[in-house]
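[1] here is the input, now give the coordinates:
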Amino acid sequence: MKRKNPKASKAAKHEHSEHGKHNNPIDLEAYLKRLESPERAEWQRPDAVIKALGLKRGQTVAEIGAGPGYFSLRLAKAVGPRGTVFAVEVEPQIIGVLRERIVAAEARNVVPVLGLDDDPLLPPKSCDLVLMVNALHHVEERRAYLKRLARSLKPEGRLVVVDFHKRDTPVGPGLGHRLAREEAVRDARAARFELASESELLEYQYFLVLKPRA
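    Got it, this is the predicted structure:
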């Protein structure tokens, strides 16, 4: 059994206390620093996650809850310059940081999207894949939101949901803010998705591959 990281646990404890009235990060610099810390790379395994998605050059993908581009910039490399990444984020401050990261990385195939809390504002039937990492548990009306995501997928498109198991882990939000794997699957099925496959790649998170039913 791995020993708990006390620093990671402390950061997780404050994940939901560092936001203000309109979900704006109180200390944006500290928030972004934690999102991109080397410690996160150890358990989040971003490169392994991207590889597991099986993306092809030229595809169109979207990330919901893109933040400063932690996954979006990696997705951009995976689909190549002829592909497109819609990086959806609801926080205007973070969209500004994301734009800076896109310019610095010369990732011209990443399109920042200022989404709404209840709508990602993605074009219909545009995406080969939509990725949600640590994002679904933030959505209040999950079934309605998932239905909107289904409309953004191409006929053979996939939705991949990665989120924390509802059990004690060294990292992640408090248990009261987590979404159990079974509940995520139930909401997805209610939104007319079916579970196509599942991976045990990550120690603290489930990894669901969902496809919309015809």
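[2] what about the chain, any weak spots by pLDDT?
    Segments of the chain classed as low confidence (criterion: pLDDT under 70) are 1-26.
[3] which strand is the longest one in it?
    Identified as the longest strand of the chain according to DSSP state E is strand 153-164.
[4] give the pairing partners of that one; include direction for each.
    Based on DSSP bridges, the strands next to strand 153-164 in the sheet, each with its direction, are strand 127-133 (parallel), strand 205-212 (antiparallel).
[5] show me what counts as buried in that strand.
    153, 157, 158, 159, 160, 161, 162, 163, 164 (16 or more other C-beta atoms under 10 Å). From N, CA and C alone the C-beta is placed, and that goes for glycine too.
[6] how far is it from where the chain is centred?
    The chain centroid and the centroid of strand 153-164 are separated by 11 Å, computed with C-alpha atoms, centre = their mean, to the nearest Å.
[7] then stretch 58-66?
    Stretch 58-66 has its C-alpha centroid displaced from the chain centroid by 9 Å (C-alpha atoms, centre = their mean).
[8] what do you get for stretch 36-52?
    Offset of stretch 36-52 from its chain centre (C-alpha atoms, centre = their mean): 12 Å.
[9] can you list contacts of it?
    5, 7-8, 34, 68, 70-71, 74-75, 78, 133, 162, 170-171, 199, 201-204, 207 (C-beta atoms under 8 Å, 6 or more residues apart in numbering).
[10] tell me the helix or strand right after whichever strand or helix holds residue 184.
    Secondary structure assigned from DSSP states H and E places residue 184 in helix 181-190. Using DSSP H and E, the next helix or strand after helix 181-190 towards the C-terminus is strand 193-199.
[11] for that following strand, give me every contacting residue.
    Applying C-beta under 8 Å, 6+ apart, the external contacts of strand 193-199 come out as 52, 146, 150, 158-159, 185, 188-189, 206-213.
[12] chain center to the lengthiest helix in the chain, what's the gap?
    Longest among the helix segments of the chain by residue count, using DSSP state H, is helix 92-105. On the basis of C-alpha atoms, centre = their mean, helix 92-105 is displaced by 16 Å from the centre of the chain it belongs to.
[13] any buried residues in that helix, and which?
    Neighbour-count burial for helix 92-105 [16+ other C-beta under 10 Å]: 94, 95, 97, 98, 101, 102.
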